[in-house]
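In: model the following, please.
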Amino acid sequence: GQKIFKNMRLFFGISLLLSACVVQQSNPPVVIQGTAVPLLPTFDDSQVTRGENLYGQYCASCHGMNLEGQPN
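Out: Residues are numbered from 1 along each chain as shown. Below is the predicted model:
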């Protein structure tokens, strides 16, 4: 229950941080019923690799290499 929720929060948090760095800015915004919809992020392979390395270095000791978490 809670372990899965924490893992999901971590995964989405890292994803958001990485995606903020590589969102394409050159396309015009999509507008649906008068509301601009943000573009979907594109992931650069080098950024994904960098994120994996950072997770391995700073996060995996507590959260596990496969986001499985650790007791306490």
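In: tell me the mean pLDDT for stretch 42-59?
Out: Per-residue confidence for stretch 42-59 averages out to 89 on the pLDDT scale.
In: please identify the buried residues of it?
Out: Residues of stretch 42-59 classed as buried: 47, 51, 55 (neighbour count, 16 or more other Cβ atoms under 10 Å). Backbone N, C-alpha and C define where each C-beta goes, glycine included.
In: export stretch 58-72 as PDB, just CAs?
Out: The C-alpha trace of stretch 58-72 is given here as PDB (Å, rounded to 0.1, in the frame of the first residue of the first chain):
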ATOM      1  CA  TYR A  58      21.600   9.200  -4.100                       C
ATOM      2  CA  CYS A  59      18.300   7.300  -3.900                       C
ATOM      3  CA  ALA A  60      18.800   3.500  -4.400                       C
ATOM      4  CA  SER A  61      20.300   2.900  -1.000                       C
ATOM      5  CA  CYS A  62      16.900   3.600   0.600                       C
ATOM      6  CA  HIS A  63      14.500   3.000  -2.200                       C
ATOM      7  CA  GLY A  64      16.200   0.100  -3.900                       C
ATOM      8  CA  MET A  65      17.500  -0.100  -7.500                       C
ATOM      9  CA  ASN A  66      14.000  -1.300  -8.700                       C
ATOM     10  CA  LEU A  67      12.000   1.200  -6.500                       C
ATOM     11  CA  GLU A  68      11.200  -1.700  -4.200                       C
ATOM     12  CA  GLY A  69      11.800   0.300  -1.000                       C
ATOM     13  CA  GLN A  70      13.400  -0.800   2.300                       C
ATOM     14  CA  PRO A  71      11.900  -1.400   5.700                       C
ATOM     15  CA  ASN A  72      12.100   1.700   8.000                       C
END
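In: how about that stretch: buried residues?
Out: By neighbour count, with 16+ other Cβ under 10 Å as the criterion, the buried positions of stretch 58-72 are 60, 63, 67.
In: could you pull out the strands for this protein?
Out: All strands of the chain, identified by DSSP state E, fall at 30-32, 35-37.
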